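Engineer: okay, structure incoming, though there's no sequence with it:
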(Lines give C-alpha, C1' and ligand atoms only; values in the text may rest on other atoms or scores of the structure.)
Protein backbone atom coordinates (compact mmCIF):
# COMPACT_ATOMS: atom_id res chain seq x y z
CA UNK A 1 0.00 0.00 0.00
CA UNK A 2 1.29 3.49 -0.86
CA UNK A 3 1.16 6.59 1.34
CA UNK A 4 -2.08 7.76 -0.31
CA UNK A 5 -3.90 4.51 0.36
CA UNK A 6 -3.49 3.07 -3.14
CA UNK A 7 -2.70 -0.61 -3.50
CA UNK A 8 -0.94 -2.52 -6.22
CA UNK A 9 -2.62 -5.73 -7.32
CA UNK A 10 -0.25 -7.45 -9.71
CA UNK A 11 0.62 -4.68 -12.14
CA UNK A 12 -2.63 -2.75 -11.51
CA UNK A 13 -3.09 0.20 -9.17
CA UNK A 14 -6.25 0.15 -7.05
CA UNK A 15 -7.51 2.86 -4.73
CA UNK A 16 -10.36 3.50 -2.34
CA UNK A 17 -12.07 6.80 -3.17
CA UNK A 18 -14.92 8.55 -1.39
CA UNK A 19 -17.91 10.09 -3.11
CA UNK A 20 -18.11 13.67 -1.87
CA UNK A 21 -20.54 16.55 -2.12
CA UNK A 22 -21.81 17.15 -5.66
CA UNK A 23 -20.85 13.53 -6.52
CA UNK A 24 -17.14 14.38 -6.78
CA UNK A 25 -14.26 11.96 -6.28
CA UNK A 26 -10.52 12.54 -6.03
CA UNK A 27 -8.25 10.16 -7.90
CA UNK A 28 -5.06 9.37 -5.98
CA UNK A 29 -1.81 10.90 -7.23
CA UNK A 30 -0.41 7.54 -8.35
CA UNK A 31 -3.35 6.97 -10.70
CA UNK A 32 -3.25 10.54 -12.05
CA UNK A 33 0.47 10.20 -12.72
CA UNK A 34 0.17 6.71 -14.25
CA UNK A 35 -2.41 7.97 -16.76
CA UNK A 36 -0.92 11.47 -17.21
CA UNK A 37 -4.11 13.14 -15.95
CA UNK A 38 -4.27 16.78 -14.97
CA UNK A 39 -6.98 19.15 -13.80
CA UNK A 40 -9.57 19.73 -16.51
CA UNK A 41 -9.03 16.39 -18.27
CA UNK A 42 -12.13 14.37 -19.13
CA UNK A 43 -12.93 10.84 -18.04
CA UNK A 44 -15.68 8.76 -19.60
CA UNK A 45 -17.74 6.82 -17.03
CA UNK A 46 -19.15 3.50 -18.21
CA UNK A 47 -21.39 1.09 -16.30
CA UNK A 48 -20.05 -2.47 -16.54
CA UNK A 49 -21.06 -5.75 -14.95
CA UNK A 50 -18.10 -5.37 -12.58
CA UNK A 51 -18.88 -1.76 -11.59
CA UNK A 52 -17.95 1.66 -12.95
CA UNK A 53 -15.11 2.01 -15.43
CA UNK A 54 -13.44 5.43 -15.75
CA UNK A 55 -11.50 5.91 -18.96
CA UNK A 56 -9.52 9.02 -19.99
CA UNK A 57 -10.80 10.55 -23.24
CA UNK A 58 -9.70 13.29 -25.56
CA UNK A 59 -12.71 15.47 -26.31
CA UNK A 60 -11.40 16.80 -29.60
CA UNK A 61 -11.06 13.25 -31.01
CA UNK A 62 -14.02 11.57 -29.36
CA UNK A 63 -16.56 10.12 -31.77
CA UNK A 64 -20.17 9.60 -30.66
CA UNK A 65 -21.30 6.04 -30.13
CA UNK A 66 -23.88 4.73 -32.62
CA UNK A 67 -26.61 5.27 -29.99
CA UNK A 68 -25.42 8.84 -29.34
CA UNK A 69 -25.39 9.46 -33.11
CA UNK A 70 -28.98 8.21 -33.37
CA UNK A 71 -30.02 10.43 -30.45
CA UNK A 72 -28.35 13.48 -32.02
CA UNK A 73 -30.03 12.84 -35.38
CA UNK A 74 -33.41 12.36 -33.67
CA UNK A 75 -33.10 15.73 -31.94
CA UNK A 76 -32.03 17.44 -35.17
CA UNK A 77 -34.93 15.82 -37.04
CA UNK A 78 -37.41 16.88 -34.34
CA UNK A 79 -36.12 20.46 -34.39
CA UNK A 80 -36.21 20.53 -38.21
CA UNK A 81 -39.85 19.39 -38.22
CA UNK A 82 -40.79 21.91 -35.53
CA UNK A 83 -39.10 24.71 -37.51
CA UNK A 84 -40.86 23.67 -40.73
CA UNK A 85 -44.22 23.57 -38.93
CA UNK A 86 -43.63 27.01 -37.47
CA UNK A 87 -42.79 28.44 -40.90
CA UNK A 88 -46.05 27.04 -42.37
CA UNK A 89 -48.12 29.07 -39.90
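Structural biologist: Arrived safely. For clarity, every value in this text was computed on a predicted model and none was experimentally measured. Numbering: from 1, shown residues only.
Engineer: tell me if residue 46 really is in a strand.
Structural biologist: Yes. Assigned with DSSP: H, G, I helix; E, B strand; the rest coil, residue 46 falls within a strand.
Engineer: pretty sure it contacts residue 65?
Structural biologist: No. Using CB atoms under 8 Å, residue 46 is not in contact with residue 65; the gap is 10.3 Å. (Glycine included, C-beta is placed from N, CA and C.)
Engineer: where does the prediction get shaky in the protein?
Structural biologist: 1-11, 61-62 (pLDDT under 70).
Engineer: what strand or helix carries residue 68?
Structural biologist: When elements are assigned from DSSP states H and E, residue 68 belongs to helix 66-88.
Engineer: can you list contacts of that helix?
Structural biologist: residue 64 (CB atoms under 8 Å, 6 or more residues apart in numbering).
Engineer: who's the closest residue to residue 54 other than its chain neighbours bridged to?
Structural biologist: In this structure, residue 54 finds its nearest non-sequential neighbour in residue 43, 4.6 Å apart by CB to CB, 6 or more residues apart in numbering. Taking DSSP bridges as the rule, residue 43 bridges to residue 56.
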